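In: Let's see this in three dimensions:
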Amino acid sequence: GAVLISTDSSVSDQTEIALQAAGLIGAKTGSATIGTRLQFVWEPTSDGDNVQLALVPFVQADFSDGGFFYGRFLINLDEPLGVLGNGGDVWGLFLGGGARF
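Out: Okay, here's the model as predicted:
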């Protein structure tokens with residue numbers, strides 16, 4: 001969950017609450033993991049359509065020295081931001097990596 005506080009004086013000063021839940025399925029093949037995540041975000045304090053569904057396919061490569069690299073592609077599915085609604089098509093590409101000690 002999150003508490004969203006506006007910093008823009010031209011927007012309502014109302015504080016919003018956001019809750020998120022997700023389910024994930026994947027498979028590991030050798031040093032790679034592939035899968036997808038289905039998630040939703042709910043803002044119970046906002047007006048109008050306050051639920052956003054998204055699909056997030058991902059791939060992660062694990063290296064023998066403990067390092068890893070991943071890529072995710074977030075696709076919003078429904079209104080107000082998704083490809084299946086009349087809203088703007090908003091998506092995101094995430095790339096990252098790290099090391100395990």
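In: Show me what the longest strand along the chain is packed against.
Out: Secondary structure of the chain per DSSP state E: the longest strand is strand 16-29. For strand 16-29, the packing partners by 3 or more C-beta pairs under 8 Å, 6 or more residues apart in numbering; DSSP states H and E come out as strand 2-4, strand 32-42. C-beta here means a position set from N, CA and C on the backbone, and glycine is covered the same way.
In: Which residues does the longest one contact?
Out: Applying C-beta atoms under 8 Å, 6 or more residues apart in numbering, the set of residues contacting strand 32-42 from outside is 18-27, 50-62, 72.
In: what about 6 Å?
Out: Applying C-beta atoms under 6 Å, 6 or more residues apart in numbering, the set of residues contacting strand 32-42 from outside is 18-20, 22-26, 51-61.
In: Could you do the shortest one as well?
Out: For strand 2-4, the surrounding residues in contact (C-beta under 6 Å, 6+ apart) are 16, 18.
In: If anything else comes up later, I'll come back, but that's it for now.
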